[in-house]
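> next come a sequence and a model predicted from it.
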Amino acid sequence: MKFSEVVGQENIKRSLVFTAKENRIPHALLFDGPEGTGKLSLAIAFSQYINCEDKQDGDSCGRCVSCLKFKKLIHPDLHFVFPIMKGENAKGVCDEYIAEWREMILDNAYFTPLQWYAFIGKEKGQGIIYSEEAGEIIRKLNLKTFEAEYKCMIIWLPEKMHAVTANKLLKILEEPPEKTVFILITEEIEAILPTFLSRCQVVKVPAIDDNSLYKALYEQHQLPEHEIRNAVMMANGNMVRACAILENNGDNQLFLENFISLMRFAYGRKIFDIIAWAEGISKISKEKQKEFLLYVLKSLRENFMITVGAGNRVLQSPEEKAFSEKFHPFINEKNIFRIVEEAEKAHYHIERNGKAKIIFIDMALSIMQVIKQ
């Protein structure tokens, strides 16, 4: 994988290239950032770059023997560690799933832990990096380099590492064999053992910028502009979420209908209708509830922009535009911040497994109090 294949993150790419050119590659990097920002892609691209036999200006060549093997994820000096679920007769090491892991990344390097577990048929379990993996890591890294200049050990989600595993790896992480690079990828840095974390140089990976996300989505999906922009706005720099929104675009009609009902019931102070509405939306999946609330935030922003005279910067579907023509005056500077706050609060509580019906009723009743301002 080349840096050019990683969506956005131009500052991170330049920084990584600079460290390689200056021969200042840390022995242990930790990419920390939210889901869907391309941390795994960056780790693979950096590993390919530092081992490329014909480096270009800011990227690997993609053509040399090393790059071709990295492209297929079969280079003998590229190693992966990731959470798995050990069966009754399994050894508890990642190599048992390496074929599935390669297939998953080669299909799409942007995925979540739940998607990975579902791919290996373990969607109901909780992945772990077992203690047996420590011995495999130490064994692999103590071997001589096969072909590359650097041995690269990419550890995806070290926060899933058993404490015994982490403690066994402390020495080799602090003093790895020469020309060895650890690259750890986390979404919960606070869950990593402090002794483990202290041995890594942390690289903060931010959300993908909107322009890069839009360009990547347009090239992949070739959908109408307003659908792409809606996905970008709702995704908050998360490539995984943006793709899910586009792949389930039929949900937008459901979200629009529920947004219209929410605002009409709140404006009309129809409490019994609000309760029935909340009961209905509480029956959809938690992920869909979160996506709906992001849709609510997007729609509020669009209607406020129309109210303040910036409607030319808003892209909506014909159905959304028809509703906004009459609705937008009710979203103004007197109530927009309070309503947005309530929607964001609801999203926070849904994400933390609060009771959906109560959360949506509370949000709707709070909106009811301010929507006529």
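Noted; the coordinates are in hand. Numbers count the residues shown, from 1 in each chain.

> could you chop the chain up by domain?
What automatic domain parsing lists as the domains of the chain is 3-206, 209-247, 250-370.

> and the shortest one, end to end?
As for domain 209-247, its first-to-last residue distance stands at 21 Å under the measure Cα to Cα, to the nearest Å.

> that domain: which residues count as buried?
By neighbour count with 16 or more other Cβ atoms under 10 Å, domain 209-247 contains the buried residues 209, 212-214, 216-218, 221, 227-246. Backbone N, C-alpha and C define where each C-beta goes, glycine included.

> dump the residue contacts of the closest residue in space to E225 that isn't next to it in sequence.
Distance criterion Cβ to Cβ, 6 or more residues apart in numbering; nearest residue to E225, sequence neighbours excluded, is L315 at 6.3 Å. Applying Cβ atoms under 8 Å, 6 or more residues apart in numbering to L315 gives the contacts E225, H226, R229, N230.

> F330 versus L315, what's the distance?
For L315, the distance to F330 equals 21 Å [Cβ to Cβ, to the nearest Å].

> ranking helices and strands of the chain by mean pLDDT, which lands last?
Ranked by mean pLDDT, DSSP states H and E, the weakest helix or strand in the chain is helix 225-235, scoring a mean of 82.

> can you name the element that comes right after it?
Using DSSP states H and E, the helix or strand that follows helix 225-235 towards the C-terminus is helix 239-247.

> how long is stretch 345-361 from one end to the other?
End to end - Cα to Cα - stretch 345-361 spans 13 Å.

> buried residues in it?
Neighbour count says stretch 345-361 has A346, H347, H349, I350, A356, I359, F360, I361 buried, by 16+ other Cβ under 10 Å.

> how about the first one, what does it touch?
Contact criterion Cβ under 8 Å, 6+ apart gives L293, I359, F360, D362, M363 as the residues in contact with A346.

> for the domains of the chain, which has the smallest mean pLDDT value?
Lowest mean pLDDT within the domains of the chain: domain 209-247, a mean of 86.

> so how far is that one off the chain centroid?
Its chain's average C-alpha position is 13 Å from that of domain 209-247, according to Cα atoms, centre = their mean, to the nearest Å.

> just stretch 281-297 next, same as before
On the basis of Cα atoms, centre = their mean, stretch 281-297 sits 18 Å off its chain's mean C-alpha point.

> contacting residues for the nearest residue to E174 once chain neighbours are set aside?
Distances taken as Cβ to Cβ, 6+ apart place R199 nearest to E174, at 4.9 Å, with adjacent residues excluded. Taking Cβ under 8 Å, 6+ apart, we find R199 in contact with A28, L170, L173, E174.

> among the buried residues of stretch 345-361, which pair sits farthest apart?
Across those, no pair lies farther apart than H347 and I361, at 15.3 Å, counting by Cβ to Cβ.

> who's in contact with the spatially closest residue to F146 that is not a sequence neighbour?
Spatial nearest neighbour of F146, excluding adjacent residues (Cβ to Cβ, 6+ apart): P76 at 4.0 Å. By Cβ under 8 Å, 6+ apart, P76 lies in contact with K69, F146, E147, A148.

> take these and keep only those in helices.
When DSSP state H defines the helices, the subset of the contacts of P76 inside them is K69.

> now the buried members of the contacts of P76.
K69, A148.

> just the closest of the contacts of P76 to W116, please.
Once Cβ to Cβ is applied, the member of those that ends up nearest W116 is K69, at 23.0 Å.

> grab the longest helix from this structure for me.
Counting residues, the longest helix found in the chain (DSSP H) is helix 286-307.

> which neighbouring elements make contact with that helix?
With contacts taken as 3 or more Cβ pairs under 8 Å, 6 or more residues apart in numbering; DSSP states H and E, helix 286-307 sits against helix 225-235, helix 239-247, helix 251-267, helix 318-327, helix 336-351.

> in it, which residues are buried?
Neighbour-count burial for helix 286-307 [16+ other Cβ under 10 Å]: 288-300, 302-307.

> follow-up on the earlier one: biggest separation within the contacts of P76, which pair?
K69 and F146 (10.2 Å).

> quick one: contacts for the nearest residue to R14 once chain neighbours are set aside?
Closest residue to R14 apart from its sequence neighbours, by Cβ to Cβ, 6+ apart: G58 at 7.1 Å. G58 makes contacts with F3, K13, R14, V17, as judged by Cβ under 8 Å, 6+ apart.

> please enumerate the helices of the stretch 1-150 of the chain.
For the stretch 1-150 of the chain, the helices defined by DSSP state H, counting those that start in this stretch cover 10-21, 39-51, 65-71, 98-107, 113-119, 132-141.

> which among those is found nearest to E257?
Proximity to E257, assessed across these by Cβ to Cβ, is greatest for helix 113-119 (27.3 Å).

> which residues outside that closest one are in contact with it?
F82, P83, M85, E100, M104, F111, E123, G125, G127, L157, K160, V240.
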